[in-house]
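Quick one, structure for this:
(one chain, ligands or ions: 2)
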Amino acid sequence: MLEEVKRWLERRSWSADDRPLDRLLAAKRQAGPAGSVSVVLPALNEEATVGAIVETIRRELMTEAVPLVDELVVVDSGSSDRTSEVAAAAGARVVHRDTVLPRLPALPGKGEVLWRSLLVTRGEIVAFADSDLREFKSRFVSGILGPLLTDPEVHLVKAMYDRPLGTSSEQGGRVTELVARPLLNLHWPLLAGFVQPLGGEYAVRRSLLERLAFPVGYGIELGMLVDSLDLVGLDALAQVDVGVRFHRHQDGQALGRMAATIYRTAQVRLSRGHLVRPVITQFDRTECGFEPTVHEVPSEERPPMLSIPEYRRLRGTPEAGRVVA
Ligand SMILES: O=c1ccn([C@@H]2O[C@H](COP(=O)(O)OP(=O)(O)O[C@H]3O[C@H](CO)[C@@H](O)[C@H](O)[C@H]3O)[C@@H](O)[C@H]2O)c(=O)[nH]1
Ligand SMILES: O=C(O)[C@H](O)COP(=O)(O)O
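Ligands and ions are numbered 1, 2, ... in the order given. The predicted structure follows:
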């Protein structure tokens, strides 16, 4: 491990317990508008879990006594189930991806809805969390907000946690362990200290988010880490231990496509313009043997939000500063 990473782990890795709620609330009051917080839950067919997550955040972080979160938005990514209804009934503002920036038809994928969420939220700090989490705890949100509210030098905070898979207590995160961690260690060793580089729970200052390109699919987390390192440096990145995370596990083939997308995101960053065929072939057993299916690996990226005129008008920002394009 690099010496810089050892030092980073000592300086920038915390537990959610390190910053109790009353300290966060005091810091938020003191920060004024810079401490405004939006929580965004991307959701594609999550009717089973999104309601409980919304209720927990509203009950524990959005009350008169604990006004830590200012707005809670579920961005529906094209669900065919009752995700929107359930989320709205639980008290979230629900926005469908197609209603945001309608001049650009939405592309499929999680990164796409996170990108669009910047146009429908106002917080100077935006916290994202997956909406398929079970046994959700509000510390998943308050924990990652802590360093941003209390330390102006921190710009991005990722949650870290144990990830049970089936009966095994610590073996979840198959794409993390087989693809993302090796890629990061070999190509961006400064990021080797992140325990959960792909985790969907992270909080980021808007001033950073709006300067980042967003891969439209599952490449968003790796892309965001790599580009943030480039834009703000390792010391502006941090991680917080929030306990244990339970979520819906995708099957091996879906994870294969996710892995290919993440590899592609890395590849684009390693050699912009390098010509490859971004497809992955997978196999299913049929009566005639193994049948190949070819899936495209999405390579589209949305440009930094600061380059979108509608966003600049909304925010009253005249020009784009340094961005990752
Ligand atoms: O097109 C999509 C796909 C997913 N989601 C939502 O995004 C979240 C995470 O998706 P999920 O399929 O549960 O991802 P995981 O298999 O858990 O993948 C992990 O790794 C991914 C790649 O880094 C991250 O995006 C995830 O947040 C992280 O949990 C969930 O709320 C989904 O409903 C969308 O909104 N739109
Ligand atoms: O982050 C990951 O590696 C993927 O979400 C897969 O996680 P799982 O192996 O716990 O399902």
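
ok, now which ones touch the residue in the chain positioned nearest to ligand 2?
Using C-beta to the nearest ligand atom, the single residue of the chain nearest to ligand 2 is Gly172, 2.8 Å away. (C-beta placed from N, C-alpha, C; glycine too.) Applying C-beta atoms under 8 Å, 6 or more residues apart in numbering, we find Gly172 in contact with 163-165, 245, 249.

redo that, cut-off 6 Å
163-165 (C-beta atoms under 6 Å, 6 or more residues apart in numbering).

Neighbour-wise, give me the winner out of those.
With neighbours taken as other C-beta atoms under 10 Å, the top of those is Arg163, carrying 22 neighbours.

tell me, which of the contacts of Gly172 make contact with ligand 2?
163, 165 (C-beta under 6 Å from any ligand atom).

residue ranges for the helices of the stretch 201-325 of the chain, please.
206-209, 220-232, 252-270, 309-315 (DSSP state H, counting those that start in this stretch).

Let's check: the centremost residue of this structure is which one?
By C-alpha atoms, centre = their mean, the chain has its centre lying nearest to Gly200, at 4.2 Å.

Are we agreed that that one is in a helix?
No - under DSSP: H, G, I helix; E, B strand; the rest coil, Gly200 falls outside any helix and is assigned coil.

which residue sits closest to it, ignoring its sequence neighbours?
Asp130 (3.7 Å; C-beta to C-beta, 6 or more residues apart in numbering).

follow-up on the earlier one: is the residue of the chain closest to ligand 2 part of a helix or strand, or is it coil?
Under three-state DSSP, the three-state class of Gly172 is coil.

near ligand 2, which residues of the stretch 151-300 of the chain?
163, 165, 172-176, 198, 249, 255.

For the helix or strand of the chain with the lowest mean pLDDT, buried residues please.
Within the chain, no helix or strand scores below strand 279-286, which has a mean of 76 by mean pLDDT, DSSP states H and E. Buried positions in strand 279-286, judged by neighbour count with 16 or more other C-beta atoms under 10 Å: 280, 282.

Please list the residues outside it that contact it.
By C-beta under 6 Å, 6+ apart, strand 279-286 touches 253, 256-257, 260, 290-297.

at 10 Å what do you get?
252-254, 256-257, 259-261, 263-264, 289-297 (C-beta atoms under 10 Å, 6 or more residues apart in numbering).

Now do the spatially most distant residue from the centre of the chain, the pLDDT please.
Residue farthest from the centre of the chain, counting by C-alpha atoms, centre = their mean, is Cys288 at 41.1 Å. Per-residue confidence at Cys288 stands at 78 (pLDDT).

one step back: what is the nearest of the contacts of Gly172 to ligand 1?
When the contacts of Gly172 are compared against ligand 1 (criterion: C-beta to the nearest ligand atom), the nearest one is Arg163, at 9.3 Å.

how close does that closest one sit to Leu72?
25 Å (C-beta to C-beta, to the nearest Å).

now Phe140
Using C-beta to C-beta, Phe140 is found at 13 Å from Leu72.

Touching both of those two, which residues are there?
Here Phe140 and Leu72 share the contacting residues 39, 53, 57, 127, scored by C-beta under 10 Å, 6+ apart.

Quick check on the closest residue to ligand 1 within the stretch 101-250 of the chain: phi, psi?
The nearest approach of the stretch 101-250 of the chain to ligand 1 comes at Gly200, 2.3 Å away (C-beta to the nearest ligand atom). Note on Gly200: its backbone torsions stand at phi -90, psi 0 [degrees, to the nearest 10].

in stretch 121-141, what counts as buried?
So, applying 16+ other C-beta under 10 Å, buried residues of stretch 121-141: 121-133, 136-141.

swap that for stretch 98-114, please
In stretch 98-114, counting by 16+ other C-beta under 10 Å, buried: 100-101, 106-107, 109-114.

Tell me the secondary structure at Ala31.
Using three-state DSSP, the structure places Ala31 in helix.

Which residues are in contact with it?
Applying C-beta under 10 Å, 6+ apart, the residues near Ala31 are 37, 124-125, 148-150, 152.

Need the residues you listed in CSV (columns: secondary structure and pLDDT).
Below are these laid out as CSV (DSSP: H, G, I helix; E, B strand; the rest coil; pLDDT from 0 to 100):
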residue, secondary structure, pLDDT
Val37, strand, 98
Glu124, coil, 98
Ile125, strand, 98
Leu148, helix, 98
Leu149, helix, 98
Thr150, helix, 97
Pro152, coil, 96
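
Using neighbour counts, trim the residues you listed to the buried set.
Among the contacts of Ala31, the ones that count as buried by 16+ other C-beta under 10 Å are 37, 124-125, 148-150.
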